[in-house]
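Undergrad: Got a predicted structure here, sequence first:
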Number of protein chains: 2
Amino acid sequence: MKKSVKVPAAVIRRLPHYLRILEELHGKGIERISSGELSERIGYTASQIRQDFNHFGGFGQQGYGYNVESLREEIRGILGLTREYKIAVVGCGRLGHAIAYFTNSFESTFVITAIFDISPEIIGENILGVEVQDVKALPAYLKENKIDIGVITVPKESAQEIADILTAGEVGGIWNFAPMDLDLPDGFPVYNVHLYDGLQSLVYYINHADE
Amino acid sequence: MKKSVKVPAAVIRRLPHYLRILEELHGKGIERISSGELSERIGYTASQIRQDFNHFGGFGQQGYGYNVESLREEIRGILGLTREYKIAVVGCGRLGHAIAYFTNSFESTFVITAIFDISPEIIGENILGVEVQDVKALPAYLKENKIDIGVITVPKESAQEIADILTAGEVGGIWNFAPMDLDLPDGFPVYNVHLYDGLQSLVYYINHADE
DNA sequence: CTTAGATTGTTATTATCTTAACATACGGCA
DNA sequence: TGCCGTATGTTAAGATAATAACAATCTAAG
């Protein structure tokens, strides 16, 4: 039922949010929900919710609403969360460590397959059942193992170098935590988590709260 | 020179990005830049750059371009990065730990003033020169100390409770890492870092890379 | 089986954001 | 000092996104 027209990025950004709410409803045993009720819970207008789902053909039934369970499955399907993704974390400092554990907690979908670092003190350590390898071994590792997502949690000085290795090693996408704009092949899937950018815009709103 | 019309959220989101590039240019000793050159570096169109800056009155000079140093100062001023912000981190697990160190690295702007946790094993530890306190002490602490930003790095089950304490304690804003939508007073400044949402939309683009 | 009420899918409208165009003003050189 | 080229500020147009409106259709009750 998928329409072939390109889905706006704004819609894709909202899908994980819908999914999060639906998991919650599912957990509470709620079986059906209308766009109006969902609107109250998620904060988007009912209109927007219906239009968002319509980009994929529409999942509801008139007079009834949406079935929580099946809507959840549809969204999981659209996002591609129905298979497993192998993750390699590059940079195992505090942030890399935290992200590795965080990601690993969604076991059936994301699996930490390898971890790399440059520091001799960390190399060899066992994290999440994976032995931390020397980052020098990364290119060779990628040649022999298919990795779906490379996580960059190294200092920004070496982030581009790692990005080059990851793309050359044909990872499917990059989850970047380095505070810089990576130079990547055109259209290469990347999600940037610019923590400091977010903190700075929060500061703006703190200073303009009453406007 | 500030115009009183409301600045679009999209513009505010870009300001930290501009700032990041300008810091870089400044570090390289580059003194002036045109919207065209900046466009190449940052990826927005020259038109958009000029229009963004015009929301604040415009910082350039015709025939010359923008002075890197003064543009940088203007943006820092708009965002409010010219004073110090006191930060309280609530939840000192792996992520809280990482965020605390990360934030603290911008010394003159953000200062970790207090850290709270619920676990007896962590309470009392010294992190960044701050003794980790029992989260029970948070309400009292906020009554006696002005905190600008509360960071929520606790599990989602207790995130709302912490958010309530932070707003009651009149923090200026909340930097939320819990994967849920906090219920906050209308217009209360908050920035959500929904890590899992980002990872999920990355997955979508990995599966639709060729579209 | 029929009908009232509810709720979607979808089209139309409005708002917002982005890009383009261009006149205006400044810097720098002859 | 005057002129040319450059790059902004600003207005206009276009694209995208969000909201509103409503007809189509399903549920559920009697």
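TA: That came in fine, so what should we check first? Residues are numbered from 1 along each chain as shown, chains lettered A, B, ... in the order given.
Undergrad: Just confirm yes or no for the longest helix belonging to chain A near DNA strand C.
TA: Ordering each helix of chain A by length in residues (DSSP state H) puts helix A:9-27 first. No: counting by Cβ under 7 Å from any atom of the strand, no contacts exist between helix A:9-27 and DNA strand C, the nearest distance being 9.8 Å. Where C-beta positions appear, they are placed from N, C-alpha and C, glycine not excepted.
Undergrad: Which elements pack onto the next helix or strand after that helix?
TA: Going down the chain from helix A:9-27, the next helix or strand is strand A:32-33, by DSSP states H and E. Identification of packing neighbours for strand A:32-33 by 3 or more Cβ pairs under 8 Å, 6 or more residues apart in numbering or on different chains; DSSP states H and E yields strand A:66-67, helix A:68-79.
Undergrad: picking that back up, so what touches the longest helix of chain A?
TA: Residues outside helix A:9-27 that contact it (Cβ atoms under 8 Å, 6 or more residues apart in numbering or on different chains): A:33, A:38, A:41-42, A:44, A:49, A:52, A:55, A:68-69, A:71-72, A:75-76, A:78-79, A:81, B:179-180, B:194, B:196-198, B:200-201, B:204-205.
Undergrad: Keep only these that also lie close to DNA strand D.
TA: Among the contacts of helix A:9-27, the residues within reach of DNA strand D (Cβ under 7 Å from any atom of the strand) are A:Y44.
Undergrad: Mark which of the contacts of helix A:9-27 are buried, thanks.
TA: By neighbour count, with 16 or more other Cβ atoms under 10 Å in any protein chain shown, the contacts of helix A:9-27 hold A:33, A:38, A:42, A:44, A:49, A:52, A:55, A:68, A:71-72, A:75-76, A:78-79, A:81, B:179-180, B:194, B:196-198, B:200-201, B:204-205 as buried.
Undergrad: So which residue of chain A lies furthest out from the middle?
TA: Relative to the average C-alpha location in chain A, and by Cα atoms, centre = their mean, no residue lies farther out than A:G63, which sits at 34.3 Å.
Undergrad: out of the helices and strands packed on strand A:32-33, nearest to B:A140?
TA: Minimum separation from B:A140 across those (Cβ to Cβ) falls at helix A:68-79, 41.6 Å.
Undergrad: Give me the residues contacting that closest one.
TA: Defining contact as Cβ under 8 Å, 6+ apart, one finds that helix A:68-79 is touched by A:15-16, A:18-19, A:22-23, A:25-26, A:30-33, A:53, A:56, A:59-60, A:82, B:200-201, B:203-204, B:207.
Undergrad: Just the CA atoms of stretch A:187-201, as PDB, please.
TA: Listed next in PDB are the C-alpha coordinates belonging to stretch A:187-201 (Å, rounded to 0.1, in the frame of the first residue of the first chain):
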ATOM      1  CA  GLY A 187      23.200  11.000   0.400                       C
ATOM      2  CA  PHE A 188      25.000   8.800   2.800                       C
ATOM      3  CA  PRO A 189      22.800   8.100   5.800                       C
ATOM      4  CA  VAL A 190      23.900   9.900   8.900                       C
ATOM      5  CA  TYR A 191      22.300  11.200  12.100                       C
ATOM      6  CA  ASN A 192      24.100  13.800  14.000                       C
ATOM      7  CA  VAL A 193      23.700  14.200  17.700                       C
ATOM      8  CA  HIS A 194      25.100  17.700  18.300                       C
ATOM      9  CA  LEU A 195      24.700  17.800  22.100                       C
ATOM     10  CA  TYR A 196      26.200  21.200  22.400                       C
ATOM     11  CA  ASP A 197      24.000  22.700  19.800                       C
ATOM     12  CA  GLY A 198      21.000  21.500  21.700                       C
ATOM     13  CA  LEU A 199      22.300  22.900  25.000                       C
ATOM     14  CA  GLN A 200      22.900  26.300  23.300                       C
ATOM     15  CA  SER A 201      19.400  26.600  21.800                       C
END
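Undergrad: near chain B, anything from that stretch?
TA: Yes: counting by Cβ under 8 Å from any Cβ of the partner chain, chain B has neighbours in stretch A:187-201: A:187-191, A:193-201.
Undergrad: DNA strand D contacts on chain A?
TA: Within chain A, the residues that sit near DNA strand D (Cβ under 7 Å from any atom of the strand) are A:8-11, A:44-45, A:47-48, A:50-51, A:61-64.
Undergrad: Next up, phi/psi of the residue of chain A found nearest DNA strand D, please.
TA: Residue of chain A nearest DNA strand D, by Cβ to the nearest atom of the strand: A:G63 (2.0 Å). Here is the backbone geometry of A:G63 (degrees, to the nearest 10): phi 80, psi -10.
Undergrad: roughly how far apart are it and B:A137?
TA: Here the criterion is Cβ to Cβ, to the nearest Å. By it, A:G63 lies 53 Å from B:A137.
Undergrad: same question, A:A9
TA: Per Cβ to Cβ, A:A9 is found 43 Å from B:A137.
Undergrad: got any ranges where chain A has weak pLDDT?
TA: By pLDDT under 70, the low-scoring segments of chain A are A:1-5, A:210-211.
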